[in-house]
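>>> No letters, just coordinates:
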């Protein structure tokens, strides 16, 4: 089965609101990354976490390796936040980065 | 600052024809390099990685091969394209294999096989 289970698969928010995306891991992961893929296909690095919580502007991410999950919180959503968000993680000692299936986020005016 | 460049930006190719996609990294010596494939509307799948010149490890082959002829260059190729090769190909680099640091992605190459 999938090692990285991402939810929801799609999410629609109104400008100014917020929500959370989540990734559950079926095996122990060493670190997690979150990306935003824009309409051109470019992957924008949002966070890299080996543990704990990081915050950057309106985004905040947490990685709980013991309970095998990571979250990405978006607050005060803006139109430019639209896109597909991916989490990706790797196991200890592995060069393989495994991606979740992505969350398609649509921000409505 | 490091920059990553992929070429071509997009390709339309016939089934059975050869393919070569390139990726170069500037501003970082001895980067770890990776190739990913993304089907339209799908997730990213790691294909190959390389930690040094001349060495490439396969994760998922998909009837493709990869080579690293120079420290800053990673090539993805095949002699015969299949319809299933269509998609978006992304090259990525990371600075430190031991620390398994964050990966940074290039702009990608869109491939349509007809």
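Noted; the coordinates are in hand. Quick caveat, the model's predicted, so the values are computed rather than measured.
>>> where exactly do the strands run in the chain?
Using chain A here. A:4-7, A:10-14, A:19-25, A:31-37, A:43-49, A:52-56, A:59-64, A:69-74, A:83-90, A:98-99, A:103-108 (DSSP state E).
>>> I was thinking of chain B, sorry if that wasn't clear
In order along the chain, chain B carries the following strands (DSSP E): B:3-7, B:10-13, B:19-26, B:32-38, B:44-52, B:55-58, B:65-70, B:73-78, B:87-94, B:104-105, B:109-113.
>>> Generate TSV for these, with mean neighbour count, mean pLDDT and distance to residue A:8 as supplementary columns.
Quick note: C-beta positions are derived from backbone N, CA and C, even for glycine. Listed next are these as TSV, based on neighbours: other CB atoms under 10 Å in any protein chain shown; pLDDT from 0 to 100; distance: least, CB to CB, whole Å:
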stretch	mean neighbour count	mean pLDDT	distance to residue A:8
strand B:3-7	16	95	31
strand B:10-13	13	97	31
strand B:19-26	18	96	33
strand B:32-38	24	95	20
strand B:44-52	20	93	19
strand B:55-58	14	92	33
strand B:65-70	16	96	34
strand B:73-78	20	97	32
strand B:87-94	23	95	23
strand B:104-105	20	92	24
strand B:109-113	18	97	27
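>>> out of those strands, which comes closest to residue A:76?
Relative to residue A:76, the nearest member of the strands of chain B by CB to CB is strand B:104-105, separated by 26.4 Å.
>>> Quick one: the strands of chain B as TSV, columns for distance to chain A too.
Listed next are those as TSV, based on distance: least, CB to the nearest CB, whole Å:
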stretch	distance to chain A
strand B:3-7	11
strand B:10-13	10
strand B:19-26	14
strand B:32-38	7
strand B:44-52	4
strand B:55-58	7
strand B:65-70	13
strand B:73-78	14
strand B:87-94	6
strand B:104-105	4
strand B:109-113	7
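>>> From residue B:88, how far off is the residue most central in space within chain B?
Closest to where the C-alpha atoms of chain B average out (CA atoms, centre = their mean) is residue B:35, at 3.1 Å. For residue B:35, the distance to residue B:88 equals 12 Å [CB to CB, to the nearest Å].
>>> Find the nearest non-adjacent residue to residue 104, please.
I'll assume chain A. Computed as CB to CB, 6 or more residues apart in numbering or on different chains, the closest residue to residue A:104 that is not its neighbour in sequence is residue A:10, at 4.5 Å.
>>> That was the other one, I meant chain B.
Spatially, and ignoring its direct neighbours in sequence, residue B:104 is nearest to residue B:93 (5.7 Å; CB to CB, 6+ apart).
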